[in-house]
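In: Quick check, what structure comes out for this input:
(2 chains)
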Amino acid sequence: MNKVRVRFAPSPTGPLHIGGVRTALYNYLFAKKNGGEMLLRIEDTDQTRFVPGAEKYIIEAFHWLNIPFDEGVHIGGPFAPYKQSERKDLYWKYAKMLIDNGNAYYAFDTPEALDEMRKSCEANKQTFIYNSITRKTLNNALNLSAEEVQQKLDSGSHFVIRFKMPENKTIEMHDIIRGQVTVNTDTLDDKVLFKSDGMPTYHLANIVDDHLMEISHVIRGEEWLPSMPLHIMLYEAFGWEAPQFAHLPLLLRPDGNGKLSKRDGDRLGFPVFPLRWVDPKTGETARGYREDDYFPEAFINMLALLGWNDGTEQEIFPMEELIEKFSLERVGKSGAKFNVEKAKWFNHKYLQQKDNAEIAKSLMLTLHENGVEADAQYVEKVVAVMKERVNFTHEIWTECRYMFQRPESYDPQSVKKRWKEDTPQVMENIVQLLTDISNWKNQTVHDALMNYIQEHELSVGQVMNSLRILMVGSSSGPDLTTMMDLFGKEETIERIKIGTQSIVNL
RNA sequence: GGUCCUUUCGUCUAGCGGUUAGGACGUCAGGUUUUCAUCCUGGUAACGGGGGUUCGAUUCCCCCAGGGACUACCA
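Out: Below you'll find the predicted structure:
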């Protein structure tokens, strides 16, 4: 087998969505598994759809994901340039080559005329196909003399170049994921290869570049399956060896039907993009996994398992293991609905494995943004006790503010349930008791409280939960004396005093 | 409408002719905990329908139905 070379070839028409990320990921895994290379090529042959910032976004996304390319627009390489608009001059030669060998022809039909025909066919419940039958009656070189064609070209008439699809030919193709796929050429049309604006279409540019860049495997989304026959025919027309194809199943919407799309994220409350995206025209923003505080490793792990598994019951795979175990043969055939809960679960799993100091570092940023300055060592200790309780780093702040700030209010329900007539008196005694503790530690505080409770024949739950309300503001949170240990003696006593006063005043 | 792809618990999936159809997320119940969460244990829940082939089909074939993609001088 030739060297494995794959490509990821997005169009810079907007942010990369997670389906695209998964396609790139599978390309990457496949390449690395087989000791091959992966390149990033920008397919910007449609000038009208160009979105500024999209290319930068794509590169940044892969940087965040820690998926490196071996060659590409951003790093160059032996087959540069890697942007199709910069390769523009090259495609004409290949289009001409197909004309010369009879596999393509000039066509002069106007878009309006074709539109008209499509409409009238539709009205008659028929499908207009520009193919071996209809091409005989249309405005193209096949129906004109060489002189007429030359005259049109010389006079600067707008033209396109179309592929001359053979008549009634059965094409049998092989897809690594889907196996044998068979199509009859009569259902296909004479696709435009070269547009009147002087740019190639996707089909031409893609085939030419894949060939020139020595791509061995084309791994792409299933939306491209219908054009696989055209692409195979193109390789044949050029006399080139075609790469192997693998068409990945699509990522579907979690609720209803259809392909996962840009809008779904906001509606359903989860990002469909790796990074936050701000539309340069409208200013609209779309959430990103990075900004939602997912670990890139967790995000990748989740995505990898959406359509692939290694046949065992393992679900947590670090990147190295994904590379080691990945195979296209084990990629599923049917579309997968995206599930946010599972995504969160993956992040939870990765959070538990992470180093506390590292989490603390990131948490400090969140704290800082919220105007909280905390000691790094303290934050790390908080992380150690709190991380198992949350899915995301930032939740150690949003869900556990009491670890950094005194409660601002006291949950009425909890107070009603736990706060009794004699509680203020008990708290006053406890303040005294705690004040006398010289060796402030989880254990000593715990023992002191337990002794007090026993001596006064109080209920453990009653006392501890009242204290918890004063520490946290509600009936939740980690082990009480662990928390008190973290807070320190002074803060603990302050919280008891302040809280008791506030509740009494209610 | 046409073409192609696809179809196992609510979701992601294992299964590649003979299984009590397994796992994970979710959900429910119980346990652990001074609370909540985590965690642990257990339960719930699936082969779209109809024909074949076969001693035997979730598994192979055909038809239907559902779902998806494509059907542009967009990728």
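In: give me the residue from the stretch 351-500 of chain A nearest RNA strand B.
Out: The minimum distance from the stretch 351-500 of chain A to RNA strand B, using C-beta to the nearest atom of the strand, falls at A:Met464 (2.5 Å). C-beta coordinates here come from the backbone N, C-alpha and C atoms, glycine included.
In: what's around that residue, how many residues?
Out: Here the count is done by other C-beta atoms under 10 Å, and A:Met464 has 18 residues near it.
In: before we move on, what about A:Gln432?
Out: Around A:Gln432 there are 11 residues (other C-beta under 10 Å).
In: what helix or strand is it on?
Out: Under DSSP states H and E, the secondary-structure element containing A:Gln432 is helix A:423-435.
In: Need the CA coordinates for that helix. PDB is fine.
Out: Only the C-alpha atoms of helix A:423-435 are listed here, as PDB (Å, rounded to 0.1, in the frame of the first residue of the first chain):
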ATOM      1  CA  THR A 423     -30.800  27.000  67.500                       C
ATOM      2  CA  PRO A 424     -29.500  30.600  68.100                       C
ATOM      3  CA  GLN A 425     -28.600  29.600  71.600                       C
ATOM      4  CA  VAL A 426     -26.900  26.400  70.400                       C
ATOM      5  CA  MET A 427     -24.900  28.400  67.800                       C
ATOM      6  CA  GLU A 428     -23.800  30.900  70.400                       C
ATOM      7  CA  ASN A 429     -22.500  28.000  72.500                       C
ATOM      8  CA  ILE A 430     -20.800  26.500  69.500                       C
ATOM      9  CA  VAL A 431     -19.100  29.800  68.700                       C
ATOM     10  CA  GLN A 432     -17.700  29.700  72.200                       C
ATOM     11  CA  LEU A 433     -16.700  26.100  71.800                       C
ATOM     12  CA  LEU A 434     -14.900  26.700  68.500                       C
ATOM     13  CA  THR A 435     -13.200  29.800  69.800                       C
END
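In: helices or strands up against the next helix-or-strand element following that helix?
Out: For helix A:423-435, the succeeding helix or strand toward the C-terminus, using DSSP H and E, is helix A:442-455. Applying 3 or more C-beta pairs under 8 Å, 6 or more residues apart in numbering; DSSP states H and E, we find helix A:442-455 packed against helix A:423-435, helix A:460-472, helix A:480-487.
In: Tabulate those (CSV), appending distance to A:Trp92 and mean pLDDT.
Out: Shown next, in CSV, are those (distance: least, C-beta to C-beta, whole Å; pLDDT from 0 to 100):
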stretch, distance to A:Trp92, mean pLDDT
helix A:423-435, 84, 95
helix A:460-472, 71, 95
helix A:480-487, 70, 96
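In: For the stretch 301-450 of chain A, which residue gets nearest to RNA strand B?
Out: For the stretch 301-450 of chain A and RNA strand B, the shortest gap (C-beta to the nearest atom of the strand) falls at A:Ser334, measuring 3.0 Å.
In: How about that residue, nearest residue that isn't a chain neighbour?
Out: In space, A:Ser334 comes closest to A:Pro249 once its chain neighbours are excluded; the distance is 5.6 Å by C-beta to C-beta, 6 or more residues apart in numbering.
In: Can you give me the neighbour number for the one you found?
Out: Neighbour number of A:Pro249 under other C-beta under 10 Å is 20.
In: Please verify my assumption that it contacts A:Val331.
Out: Yes - counting by C-beta atoms under 8 Å, A:Pro249 touches A:Val331, with 7.4 Å between them.
In: Name the residues of stretch A:99-113 that are buried.
Out: Buried residues in stretch A:99-113, counting neighbours by 16 or more other C-beta atoms under 10 Å, are found at A:Ile99, A:Asn103, A:Ala104, A:Tyr105, A:Tyr106, A:Ala107, A:Phe108, A:Asp109.
In: Check the average confidence over it, would you?
Out: Averaged across stretch A:99-113, the pLDDT comes to 95.
In: since we're on the residue of the stretch 301-450 of chain A closest to RNA strand B, how many residues are nearby?
Out: Applying other C-beta under 10 Å, we find 9 residues neighbouring A:Ser334.
In: Just the buried residues of stretch A:99-113: which are in strands?
Out: Among these, the residues falling in strands (DSSP state E) are A:Ala104, A:Tyr105, A:Tyr106, A:Ala107.
In: List the beta-bridge partners for the second one.
Out: The reference is to A:Tyr105. Counting by DSSP bridges, A:Tyr105 forms beta bridges with A:Arg162.
In: So stretch A:154-174, near RNA strand B or not?
Out: Yes - using C-beta under 7 Å from any atom of the strand, stretch A:154-174 reaches RNA strand B at A:His158, A:Val160.
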